[in-house]
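Asker: Sequence below, structure please.
(2 chains)
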Amino acid sequence: MAGRTCPVRDLFFILFLLGMFALGLKRPFILVLVYSYIDIVSPQRLSYYLLNSVPISLLAFGGALGGWLLMDDKADCRFSRRQGIMVLLLLYCGYTTRYADFPIEAATKWDWVWKALLFAIFLPLTLRTKLRIEALALVMILCAGTIIVTGGIKTALGGGGYGELNLMVDNNSGLYEGSIISTVAIAIIPLILYFAHHGTIFPPDRRVKLFAWAFCFACLLIPIGTEARTGLVCALILAGMMWWHTKRRMLYAGLGMLALLVAIPFLPSSFTERMDTISEYQADESASTRIQVWKWTLDYVRHNPLGGGFDNYLANSFTYQTVQKTQTADSVRVERITVTDRGRAFHSSYFEMLGEQGIPGLLLWLALNVGTLVQSGRLYRRYRHVADPRYRWVAPFALALAQGHVIYLVGSLFVGIAYQPFIFMLIALQIGATTYLRRRRREEEWRPIVPGEPARAAR
Amino acid sequence: MIDTFSLLLMHGLIFLACWRLLGRDDLDREESGPATNILGRPRARDGGQDMPGA
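Answerer: Model prediction:
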């Protein structure tokens, strides 16, 4: 929660949620969007007292599930293999929580992880039409935008700094954590650009395009504002992927270099100094600690291949030396400093999964993520040259999802976001798109045996 | 100030997006080929809206 009391903001959130629930009464699918909104933005953390006393998350999930059970057509529902993997992962996480090394901490994390997984398992069942897929993607990026636009404007006005950029809430969890929002901000850029060209809820006119570009700019400012090095790595990889898919590669390479040269003098010096440390990991406590934690995790899993349950990193403790260089008038003094660390977080989704859920958990998580990436690639290739205007959206959408997912998997190397609800929602979105398109292909491949009598066959 | 601007802008857009969904019939049902049953065969749409005079 932010420091000041502001009942007007509480009132605003209540009116907004009441409005959204009212829309959901007319179209139950909107309740699914409401739950996604609550999960991403966490309005109860932005408000001061009123929303904290009402279980809005539970209400929205109950509404979304009830709306689907009572009102929605379920004949087209298909349960995909990846949803099955998520069910297994959920059960397995439940098992490791029961036998966790730190039962109280594990129970706290389990409390939000099972909700994120359950919602991601449920979500694809509701994504039965192209418009629903589009609506979810749009609401997701707008929700992330609530944090990103704030951070972007503050960075542009010079309010950034490592661990200093104020993203509306003081506590550093969910999407409000610097490295996580940096990775997510870069990962959604391809989706924002997709909406600048192919959206139907906000058809792409000049205003939509202008907003989309400004939004992308805000996303790029987030790694600068939070000074999260992961964000810079992600941004460079995204630039490379997008460049690969442009037609005039030489022109864009030149423009990109020019933009970079123009931008560097405008970057805050603290940012360039921090980015300089990427190659000097020995001098950086944060990077040294990571490598120590990763070694500890490998050793832990060697003895406990089934994992230690959520937050088992709390068991780690190590003493190590970092190298510190001090510039004096005529020389550089190199000092070795002994540091003892306890309970350092994994700082990598891969090691987070490996340490907490062991080898079975890591394999399930990898199968889920690699499967999602492969399926996005398949959709892109299948629909890349399609002439039917009804399916022209598929290839750019699949490409945007794939690029976003690659960014997530790269960011995951350095940030512990293995169970991030936003990412599970992106996976659910991809599953929804895959099952929807598979169903459409089946419908169109089906032809009645007796020619000229489709009506009878349909009866 | 910035927080308020950002909250108003993005929440306004989220609400507007959902508002626009109300007027879209293709949110819940698409006019495509015939809906299929579990064997992949077309099934009649409930209510018979697609078949005037039926």
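Asker: so how far is residue A:141 from the one residue in the stretch 351-459 of chain A that gets nearest to chain B?
Answerer: Chain B sits closest to residue A:443 of the stretch 351-459 of chain A, with a gap of 4.2 Å, by CB to the nearest CB. From N, CA and C alone the C-beta is placed, and that goes for glycine too. Computed as CB to CB, to the nearest Å, the residue A:443 to residue A:141 distance reads 29 Å.
Asker: and the two? which has more neighbours close in?
Answerer: residue A:141 (25 against 17; other CB atoms under 10 Å in any protein chain shown).
Asker: Now do the contacts for the closest residue to the more buried one other than its chain neighbours.
Answerer: Of all residues not flanking residue A:141 in the chain, residue A:188 sits nearest, at 4.9 Å (CB to CB, 6 or more residues apart in numbering or on different chains). The neighbours of residue A:188, taking CB atoms under 8 Å, 6 or more residues apart in numbering or on different chains as the test, are A:140-141, A:144, A:219, A:404.
Asker: how about low-confidence regions in chain B?
Answerer: Applying pLDDT under 70 to chain B flags the ranges B:32-54.
Asker: try 90 this time
Answerer: Applying pLDDT under 90 to chain B picks out residues B:1-4, B:25-26, B:28-54.
Asker: can you map out the strands along chain B?
Answerer: Assigned by DSSP state E, the strands in chain B number zero.
Asker: An error on my part: the question was meant for chain A.
Answerer: Using DSSP E, strands in chain A cover A:317-327, A:332-342.
Asker: which stretch among those comes nearest chain B?
Answerer: strand A:332-342 (34.5 Å).
Asker: Could you list every helix and strand in contact with that closest one?
Answerer: helix A:285-303, strand A:317-327 (3 or more CB pairs under 8 Å, 6 or more residues apart in numbering or on different chains; DSSP states H and E).
Asker: Take the first one, keep the C-alpha atoms, and write them as CSV.
Answerer: Below are the C-alpha coordinates for helix A:285-303, written out as CSV (Å, rounded to 0.1, in the frame of the first residue of the first chain):
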residue,chain,number,x,y,z
GLU,A,285,27.5,-9.0,-5.1
SER,A,286,24.1,-9.6,-6.7
ALA,A,287,25.6,-11.6,-9.5
SER,A,288,28.1,-13.5,-7.3
THR,A,289,25.3,-14.5,-5.0
ARG,A,290,23.3,-15.8,-7.9
ILE,A,291,26.1,-18.1,-9.0
GLN,A,292,26.5,-19.4,-5.4
VAL,A,293,22.8,-20.0,-5.1
TRP,A,294,22.7,-21.9,-8.3
LYS,A,295,25.6,-24.1,-7.2
TRP,A,296,23.8,-24.7,-3.9
THR,A,297,20.6,-25.6,-5.8
LEU,A,298,22.4,-28.2,-7.9
ASP,A,299,23.9,-29.7,-4.9
TYR,A,300,20.6,-29.7,-3.0
VAL,A,301,18.8,-31.5,-5.9
ARG,A,302,21.6,-34.1,-6.1
HIS,A,303,20.5,-35.2,-2.6
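Asker: Just grab the bridge partners of residue A:319 for me.
Answerer: residue A:340 (DSSP bridges).
Asker: follow-up on the earlier one: closest to residue B:22 out of the contacts of residue A:188?
Answerer: Comparing these against residue B:22 with CB to CB places residue A:140 closest, at 19.4 Å.
Asker: list the contacts for the closest one?
Answerer: A:36, A:40, A:188, A:191, A:422, A:425-426, A:429.
Asker: and it, how far is that from chain B?
Answerer: Residue A:140 is 10 Å from chain B, where distance means CB to the nearest CB, to the nearest Å.
Asker: before we move on, the earlier item: now that we have the contacts of residue A:140, can you turn them into JSON lines and tack on pLDDT?
Answerer: JSON lines is the format used below for those (pLDDT from 0 to 100):
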{"residue": "A:36", "pLDDT": "94"}
{"residue": "A:40", "pLDDT": "91"}
{"residue": "A:188", "pLDDT": "95"}
{"residue": "A:191", "pLDDT": "96"}
{"residue": "A:422", "pLDDT": "92"}
{"residue": "A:425", "pLDDT": "94"}
{"residue": "A:426", "pLDDT": "94"}
{"residue": "A:429", "pLDDT": "95"}
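Asker: With distance to residue A:375 as added columns, please give the residues you listed in TSV.
Answerer: TSV is the format used below for these (distance: CB to CB, whole Å):
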residue	distance to residue A:375
A:36	21
A:40	23
A:188	19
A:191	16
A:422	19
A:425	16
A:426	12
A:429	12
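Asker: Among the residues you listed, name the ones in helices.
Answerer: A:36, A:40, A:191, A:422, A:425-426, A:429 (DSSP state H).
Asker: What is the nearest of these to residue A:438?
Answerer: For these, the nearest to residue A:438 is residue A:429 (15.1 Å; CB to CB).
Asker: what's near enough to touch the closest one?
Answerer: Counting by CB under 8 Å, 6+ apart, residue A:429 has contacts A:123, A:127, A:133, A:136-137, A:140, A:401.
Asker: For the closest residue to residue A:419 other than its chain neighbours, the count of nearby residues, please.
Answerer: Spatially, and ignoring its direct neighbours in sequence, residue A:419 is nearest to residue A:113 (4.7 Å; CB to CB, 6+ apart). By other CB under 10 Å, 23 other residues sit near residue A:113.
Asker: Pull up the gap between residue A:113 and residue A:309, please.
Answerer: Residue A:113 sits at a distance of 11 Å from residue A:309 (criterion: CB to CB).
Asker: From what I see, residue A:360 and residue A:304 are in contact.
Answerer: No: Residue A:360 is beyond contact range of residue A:304, at 11.8 Å (criterion: CB atoms under 8 Å).
Asker: Burial check on the residue lying closest to residue A:377 once chain neighbours are set aside, number of neighbours?
Answerer: Spatial nearest neighbour of residue A:377, excluding adjacent residues (CB to CB, 6+ apart): residue A:402 at 5.8 Å. Other residues lying near residue A:402 total 22 when counted by other CB under 10 Å.
Asker: Now for residue A:402: which residues touch it?
Answerer: Residue A:402 sits next to A:373, A:376-377, A:380 when contact means CB under 8 Å, 6+ apart.
Asker: Can you tell me how far it is from residue A:373?
Answerer: Counting by CB to CB, the gap from residue A:402 to residue A:373 is 6 Å.
Asker: Repeat that for residue A:42.
Answerer: Relative to residue A:373, and taking CB to CB, residue A:42 is found at 28 Å.
Asker: swap in residue A:153?
Answerer: If you go by CB to CB, the gap between residue A:153 and residue A:373 works out to 33 Å.
Asker: repeat for residue A:294
Answerer: From residue A:294 to residue A:373 the distance is 23 Å (CB to CB).
Asker: what's the answer for residue A:431, then?
Answerer: 12 Å.
Asker: Which of these two has more residues huddled nearby?
Answerer: Here residue A:431 and residue A:373 are set side by side on neighbour count (other CB under 10 Å), and the busier one is residue A:431, at 27 against 18.
Asker: For the more buried one, which non-adjacent residue is spatially closest?
Answerer: Using CB to CB, 6+ apart, the closest residue to residue A:431 is residue A:124 (4.2 Å).
Asker: Make sure the one you found is actually in contact with residue A:76.
Answerer: No: counting by CB under 8 Å, residue A:124 does not reach residue A:76; the two are 11.5 Å apart.
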